[in-house]
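Engineer: test case, fold it:
(chains A and B)
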Amino acid sequence: EADIYQTPRYLVIGTGKKITLECSQTMGHDKMYWYQQDPGMELHLIHYSYGVNSTEKGDLSSESTVSRIRTEHFPLTLESARPSHTSQYLCASSRGQGETQYFGPGTRLLVL
Amino acid sequence: GQNIDQPTEMTATEGAIVQINCTYQTSGFNGLFWYQQHAGEAPTFLSYNVLDGLEEKGRFSSFLSRSKGYSYLLLKELQMKDSASYLCAVSAYILTGGGNKLTFGTGTQLKVEL
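Structural biologist: Numbering: from 1, shown residues only, chains lettered A, B, ... in the order given. As a prediction, the model looks like this:
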């Protein structure tokens, strides 16, 4: 059982608000990832980090930003939410190169 | 880039065996993962193959042929709770810093019927 947590699980918010999606893992994993998934669609990598103070953009362009100040914490921030940001956001982590990625429960975001 | 192909939907009967195929094209191949995802939930890890052959884990088995760019997930003694989307994901050494990048297929929606 993977120990990776995401909060909030569900969020409904108005356009223009700033939001931060939290992701924490207690496994000491160096690598962490953010994916975006629309209902019935595939997962798309939007951000990743291979350690503290490192962040990179993924395949899918996203207006969100991330930070990695602590190994266990990888928050994602949207400065000004828009309806097009409505989606499910999944955080994952892995111990190292080639290792299994374990997913958090996800945050379902609805921007009105 | 990477290209992953798997059937969109499959239907099978409770107690039966079903095989879900996945073909892929990639560079820097580092392994293939199968994940299970129930509707509205996060993917959960099922299996990992990096060498050719069959990996068995209870009712679930996964096979890999690197030369053919082909994998399958075999589910035996199907149960109703196995109704879910099954995601084939190819890992490649692409990320800087030594991370593995997972590229997911669109998933195969399996429906188990009585």
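Engineer: report pLDDT for B:T108.
Structural biologist: Listed pLDDT for B:T108 reads 97.
Engineer: OK, contacts around it?
Structural biologist: B:Q6, B:P7, B:T8, B:E9, B:M10, B:I20, B:S85, B:Y86, B:C88 (CB atoms under 8 Å, 6 or more residues apart in numbering or on different chains). All C-beta atoms are positioned from the backbone trio N, CA, C, and that covers glycine.
Engineer: of those residues, closest to chain A?
Structural biologist: Using CB to the nearest CB, B:S85 comes nearest to chain A of the contacts of B:T108, at 8.3 Å.
Engineer: look up the closest residue to that closest one, ignoring the ones flanking it.
Structural biologist: Among residues not flanking B:S85 along the chain, B:G107 sits closest, at 4.0 Å (CB to CB, 6 or more residues apart in numbering or on different chains).
Engineer: quick check: phi and psi at that neighbour.
Structural biologist: phi 90, psi 150 (degrees, to the nearest 10).
Engineer: my guess is it contacts B:L73. True?
Structural biologist: No - counting by CB atoms under 8 Å, B:G107 does not reach B:L73; the two are 11.5 Å apart.
Engineer: can you pull the residues that touch both of the two?
Structural biologist: B:Y86, B:C88.
Engineer: count the residues that sit near A:E72.
Structural biologist: 18 (other CB atoms under 10 Å in any protein chain shown).
Engineer: just the strands in chain A please.
Structural biologist: For chain A, strands defined by DSSP state E occupy the ranges A:4-7, A:10-13, A:19-25, A:31-37, A:44-51, A:54-57, A:65-66, A:76-78, A:87-94, A:102-103, A:107-111.
Engineer: quick check: buried residues in the last one?
Structural biologist: Within strand A:107-111, the residues that count as buried by 16 or more other CB atoms under 10 Å in any protein chain shown are A:T107, A:R108, A:L109, A:V111.
Engineer: now do stretch B:49-60
Structural biologist: For stretch B:49-60, using 16+ other CB under 10 Å, the buried residues are B:N49, B:F60.
Engineer: got any ranges where the chain has weak pLDDT?
Structural biologist: The chain I'm using is chain A. Along chain A, the model assigns pLDDT under 70 to residues A:1-2, A:97-98.
Engineer: please go with chain B instead
Structural biologist: In chain B, residues with pLDDT under 70: B:1-2, B:94-100.
Engineer: and if we set it to 90?
Structural biologist: Along chain B, the model assigns pLDDT under 90 to residues B:1-3, B:26-30, B:39-41, B:91-103.
Engineer: how far does stretch A:32-43 stretch from start to finish?
Structural biologist: Terminal residues of stretch A:32-43 lie 15 Å apart, using CA to CA, to the nearest Å.
Engineer: ditto for stretch B:12-32
Structural biologist: Start-to-end, stretch B:12-32 (CA to CA) is 24 Å.
Engineer: do it and chain A meet?
Structural biologist: Yes - Stretch B:12-32 comes into contact with chain A (CB under 8 Å from any CB of the partner chain), by way of B:N30, B:G31.
Engineer: enumerate the residues of chain A near chain B.
Structural biologist: So chain A meets chain B at A:2, A:31, A:33, A:41-43, A:45, A:48, A:50-51, A:54, A:56, A:59, A:90, A:94, A:96-106, A:108 (CB under 8 Å from any CB).
Engineer: from B:V18, how far out is the residue of chain A found nearest chain B?
Structural biologist: Nearest residue of chain A to chain B: A:Y50, at 3.3 Å (CB to the nearest CB). A:Y50 sits 37 Å away from B:V18, going by CB to CB, to the nearest Å.
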